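Chemist: Here's my sequence, what's the structure:
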Amino acid sequence: MTETVALIRDTLPRAEQTRLGILAGDAGEAGALNLYGPAYGLPRAISGSNSHWLRGYGDPPPQTVIAVGFSRGVLDWAFETCESAGHLSNPYGIKNSAMGDNTEVFVCRRVRQPWPQFWKQFRWFG
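Modeler: So this is what the prediction gives:
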């Protein structure tokens, strides 16, 4: 997952990479990205899942996000544009119950609300 996110990041224009966020569908995905991401030079992942939401979205807020573990519908609600940029796979055939069927990775731009307002609504437990 981390390598896929890094490869997608590397395809973005340099200007977008400077204000990039990684939006993870659950705290486990965010934790894995934060554990392995430094080796790839990735920014810390953010997530609205459980207590991970308390860590916030960063300062300055991201302008572009790479989103993992979400359905297209959730991302279309939150961002003006989202494009498919890749897929997560597991070469070992191990089912990931946290991710489920959300294996598509998106690059999203222009959050529809100001980040503070968006972040207040982007919180869930599960």
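Chemist: May I have the secondary structure class of the spatially most central residue of the chain?
Modeler: By C-alpha atoms, centre = their mean, the mean C-alpha position of the chain lies nearest to Leu23, the distance being 2.1 Å. Following DSSP: H, G, I helix; E, B strand; the rest coil, we place Leu23 in the strand state.
Chemist: how about it, what does it touch?
Modeler: When contacts are counted by C-beta atoms under 8 Å, 6 or more residues apart in numbering, Leu23 touches Ala45, Ile46, Ser47, Val65, Ile66, Ala67, Val68, Phe70, Cys108. Quick note: C-beta positions are derived from backbone N, CA and C, even for glycine.
Chemist: Count the neighbours of the third one for me.
Modeler: So the one you mean is Ser47. Number of residues near Ser47 (other C-beta atoms under 10 Å) recorded here: 27.
Chemist: quick one on the thing from earlier: can you tell me which of the contacts of Leu23 is nearest Asn102?
Modeler: Ranked by distance to Asn102 (C-beta to C-beta), the contacts of Leu23 are led by Phe70 at 5.8 Å.
Chemist: And for the nearest residue to the closest one once chain neighbours are set aside, the neighbour number?
Modeler: Of all residues not flanking Phe70 in the chain, Gly25 sits nearest, at 4.9 Å (C-beta to C-beta, 6 or more residues apart in numbering). Per other C-beta under 10 Å, the neighbour tally for Gly25 reads 21.
Chemist: do Arg44 as well
Modeler: Count around Arg44 with other C-beta under 10 Å applied: 13.
Chemist: so what pLDDT did it get?
Modeler: The model reports Arg44 with a pLDDT of 96.
Chemist: which residues touch it?
Modeler: With C-beta under 8 Å, 6+ apart, Arg44 has these contacts: Ile22, Leu33, Asn34, Gly37, Arg55, Gly58.
Chemist: Against Ala85, how distant is the spatially closest residue to the fifth one that is not a sequence neighbour?
Modeler: Sequence neighbours aside, Ile46 is the residue nearest to Arg55 in space, at 6.9 Å (criterion: C-beta to C-beta, 6+ apart). Between Ile46 and Ala85 the distance, using C-beta to C-beta, to the nearest Å, works out to 18 Å.
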